[in-house]
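In: can you look at this prediction? I've put the sequence above it.
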Amino acid sequence: MSIATTSGRQGGALERGGGGGGGGTLADVVETVLDKGVVIDAQVSVAVVGIQLLEINARIVIASVDTYLRFAETVDRLSIVPKGTKGLPDLAGDAAGAATKGKAISGLGKAAQEISGAVADSLSDRGSDRGRDRPRRRRDEER
Amino acid sequence: MTDEQAQPAGEAGLFIYGIVPSDVEPTPDAEGVGNPPGEVTVVRHGDLAALVSEVGLEEPMGRPADLTAYQTLLDGTAAVAPVLPVRFGTVVTGPDAVQDLLEAHHDRFAAALDEFEDRLQYTVHGRFDEEEMISDFLAENPSAAALADHVRGRPEAESREQRIRLGEMISQGVELRREAENRALIDLLTPYAVAHAPRPPSSELDAMNVAFLVAADDEEEFVRVLEEFAEQRRDLIRMRLLGPLAPYDFVSAHQLVE
């Protein structure tokens, strides 16, 4: 069920982070600790003191029209198939029947005269993690 | 504004980080929440103790540095001893209140600490590469691909309806894929984990987000198997492993409420 694209690159596909607060982003910290832990209710113990907590917004993910439009915009950027080509549905039909997704994609890539830089990138020398906004950290331990 | 740090004792409280066995000793460099960071101490009661630091009650809590200090202390503790995280922002009147708390809930705390002995949390988070994910999806869905063809290159103003429809199809595709990936991940790692807890997605492109409680003896194998899994998906999913962490996701909120 997997896409066995061993790209021959060194370096694991699994990024390590967090742990001891080191190597994680603030988003990681918020996501990890927010609304977790034992709740000591004021009703259980009268000694609980209400303090002012700064508002920390956990992001609630709801797919919205904005998301939909953004996905559609991404489709614009993909331009897998040159405009006006009618072959995609047929081709995709074939591809869907193929054994793995990896194959399906490379099949498409060959069929399309021109494959966009972005997709070509991800097919051939993947792993550069282009355009990611988060810093990569690889420290396993820091304390 | 007055200086909160200099308030008399009546204006201060004890911020509780977590419950630990009473033989746990904070290291001298342990820093608590607050500005400047409070000194972390322990309040002991029998075989249990709580990690605490003094905070001014006027000082709002929850700055990034506070959250980081909280997590750093708990994760650092979890690496050497079992710890039961207490929800961020829990403040009590003083040491007596902490001892009352430890006494009142002794059995439950002690049982939970037993359960966390030599076990740590790892959170596995994956995020789809947007373009890769959408390419995959279009390749497998002729009707979406046809719609994509129709929409591509046309200004949003004249293709808005179709764009929304296409985006919705993609969004559903992502959701289905996310369910499948989460399931695959859990199935794969179940033999190496004591427990798992699904976490809600943190973005529209989340591929997986699951916390695992892992026994110290299984850590190596857990990570090895996960690395393989990540390698198989490296084109499609950017995978990250957070941990070892304190068992945040395995302390249920109802643990204290009768």
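Out: That came through fine.
In: burial count for residue B:211?
Out: The criterion is other Cβ atoms under 10 Å in any protein chain shown. On that basis, residue B:211 has 25 neighbouring residues. All C-beta atoms are positioned from the backbone trio N, CA, C, and that covers glycine.
In: residues in contact with the residue in chain A positioned nearest to chain B?
Out: At 2.6 Å from chain B, residue A:68 is the closest residue in chain A, using Cβ to the nearest Cβ. Applying Cβ atoms under 8 Å, 6 or more residues apart in numbering or on different chains, one finds that residue A:68 lies in contact with B:163, B:164, B:165, B:166, B:167, B:168, B:170, B:171.
In: let's see it at 6 Å
Out: B:164, B:167, B:168 (Cβ atoms under 6 Å, 6 or more residues apart in numbering or on different chains).
In: confidence score at it?
Out: The model reports residue A:68 with a pLDDT of 92.
In: element containing the residue in the stretch 151-258 of chain B that chain A sits nearest to?
Out: Residue of the stretch 151-258 of chain B nearest chain A, by Cβ to the nearest Cβ: residue B:167 (2.6 Å). Applying DSSP states H and E as the criterion places residue B:167 in helix B:156-189.
In: on that earlier part again, excluding chain neighbours, what is closest to the residue of chain A closest to chain B?
Out: residue B:167 (2.6 Å; Cβ to Cβ, 6 or more residues apart in numbering or on different chains).
In: just residue B:32 next, same as before
Out: residue B:53 is the one closest to residue B:32 (Cβ to Cβ, 6+ apart), at 3.2 Å.
In: low-confidence ranges, the stretch 1-150 of chain B, go.
Out: B:1-10 (pLDDT under 70).
In: show me which residues of it sit near chain A.
Out: B:13, B:57, B:60-62, B:64, B:67-68, B:71-72, B:75-76, B:84-93, B:97, B:101, B:130-132, B:134, B:136, B:139-140, B:142, B:145-146, B:148 (Cβ under 6 Å from any Cβ of the partner chain).
In: give me the number of residues near residue A:72?
Out: 26.
In: hang on, it packs against residue B:166?
Out: Yes - using Cβ atoms under 6 Å, residue A:72 is in contact with residue B:166, at 5.0 Å.
In: now the nearest residue to residue B:193 once chain neighbours are set aside, what's its secondary structure?
Out: Leaving aside its sequence neighbours, residue B:193 sits nearest to residue B:212 (Cβ to Cβ, 6+ apart; 4.1 Å). What DSSP: H, G, I helix; E, B strand; the rest coil gives for residue B:212 is strand.
In: same question, residue B:120
Out: strand.
In: go on, residue B:88?
Out: coil.
In: below-threshold pLDDT in chain A: ranges please.
Out: In chain A (pLDDT under 70), the answer is A:1-11, A:18-23, A:41-46, A:55-61, A:79-143.
In: biggest strand in it by residues?
Out: Criterion DSSP state E: the longest strand present in chain A is strand A:14-17.
In: buried residues in the helix or strand following it, which are they?
Out: Scanning forward in sequence from strand A:14-17 by DSSP H and E, the next helix or strand is helix A:26-33. Within helix A:26-33, the residues scored as buried using 16 or more other Cβ atoms under 10 Å in any protein chain shown are A:28, A:29, A:30, A:31, A:32, A:33.
In: how about stretch B:30-45?
Out: Neighbour counts over stretch B:30-45 (16+ other Cβ under 10 Å) mark B:30, B:31, B:32, B:33, B:34, B:38, B:40, B:41, B:43, B:44, B:45 as buried.
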